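Q: fold the stuff below for me.
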Amino acid sequence: MNPEDSLSIGEISRRTGVAPSALHYYESLGLISSSRTSGNQRRYSRHMVRRISLIVVAKRIGVPLADVERAFEPLPHDAQPSSRDWHRVASLWRETLRERRAQLERLEHELTGCIGCGCLSMKSCRLLNPDDTLAEQGPGPHRL
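A: Numbering: from 1, shown residues only. This is a model prediction of the structure:
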């Protein structure tokens, strides 16, 4: 990596607004990568700024890091991703976002039907979940 094309951890932290500890974590997950100087200091390629920025956006909208990891898998670490590479990532995320939208719409429907009904009885719930059969699957919501 050309030294003029790299950023120190402090520089990349200032550019992206991401704490150095988070950068270390993202690197441990394989989401980003760095090289080391002869003095053992981390140096990040300038193209890592885009990756880190996308991680920040993903976190802001609730995309799990595991999904980010899957989307970034085909991207090269040692070179700037091409426009074609980024289009592939966008396609993967588009599908993920469609699925999340469908989950949210189902949740909205369930909330409207359950919480919104205001019946305060278990009549309707007994119809949807007779004898509390979902309890056998363990704690927490199972239909969403």
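
Q: now do the helices in this protein.
A: Along the chain, the stretches classed as helices by DSSP state H are 9-16, 20-29, 48-60, 65-72, 83-114, 123-128.

Q: name the residues of the first one that are buried.
A: By neighbour count, with 16 or more other C-beta atoms under 10 Å as the criterion, the buried positions of helix 9-16 are 9, 12-13, 16. For the C-beta atoms, the positions are set from N, CA and C on the backbone; glycine is no exception.

Q: now stretch 39-47: average pLDDT?
A: For stretch 39-47, the mean per-residue pLDDT is 92.

Q: ok, stretch 5-13 next?
A: 92.

Q: ok, stretch 102-116 next?
A: In the prediction, stretch 102-116 has an average pLDDT of 75.

Q: picking that back up, just put the helices of the chain in JSON lines and tack on distance to residue 35.
A: Below are the helices of the chain laid out as JSON lines (distance: least, C-beta to C-beta, whole Å):
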{"stretch": "helix 9-16", "distance to residue 35": "12"}
{"stretch": "helix 20-29", "distance to residue 35": "11"}
{"stretch": "helix 48-60", "distance to residue 35": "11"}
{"stretch": "helix 65-72", "distance to residue 35": "18"}
{"stretch": "helix 83-114", "distance to residue 35": "20"}
{"stretch": "helix 123-128", "distance to residue 35": "56"}
